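A.B. asks: Give me a 3D structure for the following:
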Amino acid sequence: MPGLMVFERGGGTYMYSPLHIMWLASAAALCLWSALMARRHGRAACRAVGMTLLCAESARVLALYIGGRLSAAYLPLHLCSIAAYACMYHAARGGETIGELIYSSFAPGALSALLFPDWLGYPPTSILFLSSFGIHMLICAYCCAMLASGAHRPSARRLWRCLAVLLVYAAAVLCFDRAFGMNYLFLMAAPAGSPLEWLGEFFPWHAMAYIPLVAVVWCALYLPPVLVRMATDGCLAPRHMNDILSLR
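C.D. replies: Modelled structure (predicted):
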């Protein structure tokens with residue numbers, strides 16, 4: 001059986017195999033447990049999840065360094081790698097914009113990666129397989145803990161800040177991708193079997209499919225609370241724009 005320090009693809013599994021489904025079930029259980037702990041212990045649970053996430057990302061980088069594989073291809077430039085540091089910062093210092101990024105972008109991105117992983121080709125016992133599942137699971141778990149503890153209350157008013165940060169970061173990463181032949185943020189090629197690949201066929205540049213995908217995700221995240229409140233209040237339309245722009 002391949003060991004931990006294996007960095008080549010081969011001997012992996014396939015999407016929605018029993019092993020993949022087991023990891024997804026584990027992710028759901030971790031999110032539920034994190035939310036329950038956050039309800040009981042507050043922000044201390046957020047800090048615990050954030051520290052675990054940072055340790056997982058650091059262990060991945062350390063393993064790549066020890067294995068002599070830390071190169072331009074394995075830099076922490078994917079959104080979920082940035083999310084690991086953002087979650088730890090938010091757990092320690094808070095911040096509305098970072099919290100909104102975690103809720104609106106990092107956690108949905110991590111969930112998408114869990115549902116359509118591009119690392120299943122690695123051996124299930126390898127560091128890249130284990131850390132990829134672990135890091136994405138912990139990002140989702142941190143978001144659940146953050147919401148359950150009250151450390152962050154989502155508001156659509158802050159989405160323009162999130163969009164600005166994401167666009168600036170994507171532009172910088174695109175320059176890096178083109179300069180070094182990389183594929184961070186999947187701007188050069190969509191991961192196989194992902195919604196980005198499916199929708200990308202309808203656009204001249206596959207990355208343009210991020211636009212409808214982000215729109216759908218943000219509607220799913222921010223509209224239901226508004227609709228529930230409207231139904232509870234017995235009204236068919238929001239009384240003022242604040243009902244749409246804030247989840248409070």
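A.B. asks: Just say helix, strand or coil for the residue nearest the centre of the chain.
C.D. replies: By Cα atoms, centre = their mean, the chain has its centre lying nearest to Ala110, at 2.6 Å. Three-state assignment for Ala110 (DSSP: H, G, I helix; E, B strand; the rest coil): helix.
A.B. asks: so who does it touch?
C.D. replies: If you count contacts by Cβ atoms under 8 Å, 6 or more residues apart in numbering, Ala110 has them with 80, 83, 135-137, 139-140. Where you see a C-beta, it was placed from the backbone N, CA and C, and this is true even at glycine.
A.B. asks: Any figure for the gap between it and Ala84?
C.D. replies: The gap separating Ala110 from Ala84 is 10 Å, by Cβ to Cβ, to the nearest Å.
A.B. asks: Also Phe202?
C.D. replies: The gap separating Phe202 from Ala84 is 32 Å, by Cβ to Cβ.
A.B. asks: Pick out whichever of the two has more residues nearby.
C.D. replies: Of the pair Phe202 and Ala84, Ala84 is the one with more neighbours under other Cβ atoms under 10 Å, namely 26 against 10.
A.B. asks: Leaving out sequence neighbours, find the closest residue to that one.
C.D. replies: Distance criterion Cβ to Cβ, 6 or more residues apart in numbering; nearest residue to Ala84, sequence neighbours excluded, is Glu57 at 3.9 Å.
A.B. asks: Number of residues surrounding the closest residue in space to the residue nearest to the centre of the chain that isn't next to it in sequence?
C.D. replies: Setting aside the residues directly before and after it, Ala110 is nearest to Ile139 in space (Cβ to Cβ, 6+ apart), at 3.8 Å. Counted by other Cβ under 10 Å, the residues lying close to Ile139 total 30.
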